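J.: Just a sequence and a predicted model for now, questions to come.
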Amino acid sequence: MAERKPIESWLTDMDGVLIHEGTPIPGADAFLKTLKESGRPFLVLTNNSIYTPRDLHARLMRMGLDVPVENIWTSALATAKFLDDQRPGGTAYVIGEAGLTTALHDIGYVLTDHEPDYVVLGETRTYSFEALTKAIRLINAGARFICTNPDETGPSQEGPLPATGAVAALITKATGKKPYFAGKPNPLMMRTGLNAIGAHSETSAMIGDRMDTDVLAGLEAGMQTFLVLTGLTRPEDVESYPFRPSKIVDSIADLVKLV
């Protein structure tokens, strides 16, 4: 087996790797500080499309983690990049929050419910029956169905919340149309992120806490993959998957020395 090239760029998931329920995971600050001092390109990734990179920068700063705005890559940004490549200057009916609507405005998209090119579904805490009904009717009328990410549930302090993937399933059931998911585990999110920082997959690594999104996306994008055990995946879970990460570590703290 050919030896992997040295890691020159890093992509890391946010929840479960750098933070957990609003608290920094030990080692996250040291990892980010070492990355910035090294000058190596890096991105912090999240499938959550609710917040803009500026919002996330502020939220992380309040936790003591300094991640520059330009080093944050969300599923909303990946979705906007995909749509800009596919149909520049298009139109979309959007169900989502500022992270998604801002990303689409920034690429010059017009948000409308009148014969839109796309229905774009993102994360929101207030899914409305009226908005879902409108999305279903627009898709039935010919609008293409795009979804920021396939996550079926999301974390909260009260317990799991239904997330984008679960709502997408409802729309699919009503229309017979499956969406195109732009976020993880689609390697498109990794490749557009790597392009944004001028990095190459063969010399890049992905750090995540989930086998089914982070590790899978990194693997399919041709990157080295590191699974941390500070999030959703337990060591015994790994064996149930037909693929493996390059390496399993306890936490982000174990990777500081590799930067």
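T.: Now that the structure is in, tell me what you want to look at. Quick caveat, the model's predicted, so the values are computed rather than measured.
J.: so how far is residue 37 from residue 138?
T.: According to C-beta to C-beta, to the nearest Å, residue 138 and residue 37 sit 49 Å apart. In this view, the C-beta of every residue, glycine as well, is placed from N, C-alpha and C.
J.: what does residue 54 give?
T.: Here the criterion is C-beta to C-beta. By it, residue 54 lies 24 Å from residue 37.
J.: Tell me which of these two has more neighbours.
T.: More crowded of residue 54 and residue 37, by other C-beta atoms under 10 Å: residue 54, with 13 against 9.
J.: Surely that one and residue 68 touch.
T.: No: if you go by C-beta atoms under 8 Å, residue 54 and residue 68 don't touch, sitting 10.5 Å apart.
J.: Now the common contact residues for these two.
T.: Shared contacts of residue 54 and residue 68, defined by C-beta atoms under 8 Å, 6 or more residues apart in numbering, are absent.
J.: so when I look at residue 66, I'm seeing a strand, right?
T.: No: counting by DSSP: H, G, I helix; E, B strand; the rest coil, residue 66 is not part of a strand but coil.
J.: what residues are up against it?
T.: Listed by C-beta under 8 Å, 6+ apart, the contact partners of residue 66 are 32, 36, 60.
J.: Can you tell me which of those residues has the most neighbours?
T.: Neighbour counts for the contacts of residue 66 (other C-beta under 10 Å) peak at residue 32, which has 25 neighbours.
J.: what kind of secondary structure is that residue in?
T.: Taking three-state DSSP, the label given to residue 32 is helix.
J.: for it, what are its contacts?
T.: Residue 32 neighbours (C-beta under 8 Å, 6+ apart): 18, 65-67.
J.: Just send these back as JSON lines, with pLDDT and distance to residue 243 too.
T.: JSON lines is the format used below for these (pLDDT from 0 to 100; distance: C-beta to C-beta, whole Å):
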{"residue": "18", "pLDDT": "98", "distance to residue 243": "24"}
{"residue": "65", "pLDDT": "97", "distance to residue 243": "30"}
{"residue": "66", "pLDDT": "96", "distance to residue 243": "33"}
{"residue": "67", "pLDDT": "97", "distance to residue 243": "28"}
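J.: from these, which two are the most distant?
T.: Spatially, the most separated pair among the contacts of residue 32 is 18 and 66, at 11.4 Å (C-beta to C-beta).
J.: For residue 6, the count of nearby residues, please.
T.: 7.
J.: circling back: what touches both of residue 18 and residue 66?
T.: 32, 60.
J.: Which parts of the chain are helices?
T.: 28-38, 53-62, 75-86, 98-106, 129-140, 164-175, 187-196, 216-220, 235-238 (DSSP state H).
J.: who are the neighbours of the second one, in terms of helices and strands?
T.: Of the remaining helices and strands, those touching helix 53-62 by 3 or more C-beta pairs under 8 Å, 6 or more residues apart in numbering; DSSP states H and E are strand 42-46, strand 72-74.
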